[in-house]
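A.B. asks: generate coordinates for the sequence data below:
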Amino acid sequence: MRWLTRFADRTHPLLLPGLWVFAAIGAYWLSFSLAPGDSCCWANRTSMWGSALTFSLISGYVLAAFVYLYRSHRDAVRELAPLAKSVQAVNDALLDVPSKVALGATAFGIVFGLAQFAEVLLGDRYELVPLPDIPLIVGNTVLWTVVALLTVGRVHDALAMRRLGSELAVDLYNLEKLRPAGRAAVRDVLVIMGALALMPLQSLDAEFRWVNYQTGLIVGFISASLVFFLPLTGIRRAVRTAKAARIEELQGVIDELPRSDLATLETLVAHRDRIGHLPTWPVDLSILSRVGFYLVIPPLAWVGAALVETVVQGYLD
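C.D. replies: This is a model prediction of the structure:
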């Protein structure tokens with residue numbers, strides 16, 4: 001994935017995705033024009049175009065997301081760098097995904113994308129794959145390949161942030177310095193939910209098919225959970241360790257303090273309790289509420305697609 005990271009550093013984030021979407025839609029138009037006939041996997045030409053737009057736009061969106069989230073992760077690491085106990089921890093957090101891991105993700109995406117059409121490709125029901133289906137099967141495979149690469153890249157960066165977080169010097173009196181990690185995690189969730197929200201394009205023919213959504217929903221929510229919680233657990237561990245050490249220190253002072261010094265005793269006890277109630281996650285309530293809102297965007301979009309189907313069908317009837 002090194003070429004992608006270099007591209008992300010040197011170009012506008014929408015250049016490659018824009019070229020990809022333009023080329024993909026043009027290829028579908030040419031393929032559908034030159035490959036007339038019936039499809040074995042799609043009900044009609046409208047549903048075929050719905051899938052074609054879904055594969056094209058989401059693939060382009062994922063490429064743009066890669067650039068955006070790559071830069072977001074780097075910015076967060078650089079903001080946290082002054083708190084790191086060692087330069088090596090920062091450098092490790094900026095490493096690219098290993099080539100072997102990227103190749104494995106590519107192979108998995110190809111196999112996963114093709115496996116969804118195993119019955120057609122293996123010839124259990126059809127001797128030959130219908131020509132109109134070939135570009136769509138290829139598009140589905142490309143989509144899952146770029147999704148696999150993005151997911152592996154985000155999990156890799158999440159684990160790197162987790163390791164960096166456990167190496168940070170935590171100032172309990174200024175936890176705002178840890179917020180960049182929380183903001184980066186929220187961006188990951190937003191990008192994944194945005195991809196899921198594009199999936200109703202498959203209902204272009206006003207027919208909602210749950211089978212078109214279930215895989216994306218499962219992969220999307222699992223990925224969103226991983227990229228949100230994984231990078232923050234290291235920081236949470238560092239904050240909890242700092243809190244425990246400070247509380248132990250305060251408790252030692254309280255134990256040695258004469259019980260007749262009520263004013264000092266009350267101040268120290270209140271301070272100890274305040275430290276104990278400090279949040280251990282580097283996110284605030286406004287960020288958490290945004291995450292919750294992002295999680296309901298795709299289901300709302302899908303419900304809207306189903307309602308459109310119902311209204312259109314009722315009108316036609």
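A.B. asks: residue ranges of the helices in the stretch 201-317 of the chain, please?
C.D. replies: All helices of the stretch 201-317 of the chain, identified by DSSP state H, counting those that start in this stretch, fall at 211-256, 262-276, 285-316.
A.B. asks: which neighbouring elements make contact with the shortest one?
C.D. replies: When contacts are defined as 3 or more C-beta pairs under 8 Å, 6 or more residues apart in numbering; DSSP states H and E, helix 262-276 packs onto helix 211-256. Just so you know, the C-beta spots here come from the backbone N, C-alpha and C atoms, and that holds for glycine as well.
A.B. asks: helices and strands around the helix it packs on, which ones?
C.D. replies: helix 133-165, helix 179-197, helix 262-276, helix 285-316.
A.B. asks: could you give the angle of it to helix 133-165?
C.D. replies: 0 degrees (axes from the mean of the first three to the mean of the last three C-alpha atoms, to 10 degrees).
A.B. asks: the inter-axis angle of helix 211-256 versus helix 179-197?
C.D. replies: 160 degrees.
A.B. asks: and helix 211-256, what's its mean pLDDT?
C.D. replies: Helix 211-256 comes out with an average pLDDT of 86.
A.B. asks: between helix 262-276 and that helix, find me the angle.
C.D. replies: Using the same axes, to 10 degrees: helix 211-256 against helix 262-276 is 160 degrees.
A.B. asks: helix 211-256: how far from the chain's middle?
C.D. replies: Helix 211-256 has its C-alpha centroid displaced from the chain centroid by 17 Å (C-alpha atoms, centre = their mean, to the nearest Å).
A.B. asks: show me where the chain dips below the pLDDT cut-off.
C.D. replies: The model of the chain has pLDDT under 70 over residues 1-4, 7-8, 36-41, 43, 123-129, 200-213, 284-317.
A.B. asks: how about 50 then?
C.D. replies: Of all residues in the chain, those with pLDDT under 50 make up the ranges 205-206, 312, 316-317.
A.B. asks: ok, now which ones touch residue 25?
C.D. replies: Residue 25 makes contact with 52, 53, 56 under the criterion C-beta atoms under 8 Å, 6 or more residues apart in numbering.
A.B. asks: among the residues you listed, who's most crowded?
C.D. replies: residue 52 (25 neighbours; other C-beta atoms under 10 Å).
A.B. asks: quickly find the element holding that one.
C.D. replies: helix 45-80 (DSSP states H and E).
A.B. asks: which SSE is immediately downstream of that helix?
C.D. replies: helix 87-93.
A.B. asks: contacting residues around the helix or strand just after that following helix?
C.D. replies: Following helix 87-93 in sequence order, the next helix or strand is helix 99-115 (DSSP H and E). The contact list for helix 99-115, computed with C-beta under 8 Å, 6+ apart, reads 1-2, 121, 137, 140-149, 151-152, 156.
A.B. asks: one more time with 10 Å, if that's ok
C.D. replies: Residues from elsewhere that reach helix 99-115, judged by C-beta atoms under 10 Å, 6 or more residues apart in numbering: 1-2, 4, 55, 96-98, 120-121, 137-153, 155-156, 215, 219.
A.B. asks: now do stretch 247-266
C.D. replies: So stretch 247-266 is contacted by 172, 267, 268, 269, 271, 272, 273, 274, 275, 276 (C-beta under 10 Å, 6+ apart).
A.B. asks: only whichever of these are buried, select them in ChimeraX.
C.D. replies: If you want just the buried ones from the contacts of stretch 247-266 in ChimeraX, going by 16 or more other C-beta atoms under 10 Å, the selection is:
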select :268,272,275
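A.B. asks: need the contacts of stretch 247-266 in TSV with distance to residue 75, can you?
C.D. replies: Formatted as TSV, the contacts of stretch 247-266 follow (distance: C-beta to C-beta, whole Å):
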residue	distance to residue 75
172	24
267	40
268	39
269	41
271	34
272	36
273	36
274	31
275	30
276	32
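A.B. asks: quick check: residue 242 touching residue 166?
C.D. replies: No: under the criterion of C-beta atoms under 10 Å, residue 242 is not in contact with residue 166, lying 11.5 Å apart.
A.B. asks: noted, bye for now.
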